[in-house]
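>>> starting from these lines, generate the structure:
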Amino acid sequence: MSNDQTAPETKGVSVELLSTVDLAGEIEGLAGHQLRMRMVTLEPGGVFGPLHDHKSRPGTVYIVQGTITDHRDGTATDYGPGPGWPEDRNTLHWLENRGTVPAVEISVDIVSTE
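Below you'll find the predicted structure:
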């Protein structure tokens with residue numbers, strides 16, 4: 001599936017919260033925000049959808065295992081073990097695992113706690 005307009009709903013995804021850091025007092029202006037690290041597993045055929053953005057929730061992804069396909073701007077890009085993709089205010093995407101093994105990513109982002 002490569003058409004961003006027909007992004008399916010989430011299925012076959014599990015998310016484990018690994019760590020958080022309250023940013024109040026750490027960096028001026030970031031009270032009410034935290035740095036969050038999660039492990040996201042997409043089973044074969046799994047989808048992290050639907051189409052979603054990352055406005056006010058910037059982050060980055062590292063692929064630990066398998067391959068995750070990132071769908072954005074009408075393009076499907078495969079990311080295998082190693083550095084993944086940035087998630088900034090311009091990101092509008094959805095993800096899927098087209099492979100035969102679970103795909104595992106570590107996602108780090110800044111989120112509002114309010």
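
>>> any weak-confidence spans in the chain?
1-5 (pLDDT under 70).

>>> quick one: the strands in it, in order.
Assigned by DSSP state E, the strands in the chain fall at 11-22, 33-53, 59-65, 68-72, 75-79, 82-87, 92-96, 103-112.

>>> next one: the third one to chain centre, how far?
The chain centroid and the centroid of strand 59-65 are separated by 8 Å, computed with CA atoms, centre = their mean, to the nearest Å.

>>> Gly82: neighbour count?
Neighbours of Gly82 under the rule other CB atoms under 10 Å: 8. C-betas here are computed from N, CA, C, even on glycine.

>>> got a list of what the residue lying closest to it once chain neighbours are set aside touches?
Of all residues not flanking Gly82 in the chain, Ile63 sits nearest, at 6.1 Å (CB to CB, 6 or more residues apart in numbering). Going by CB atoms under 8 Å, 6 or more residues apart in numbering, Ile63 touches 79-84, 103-105.
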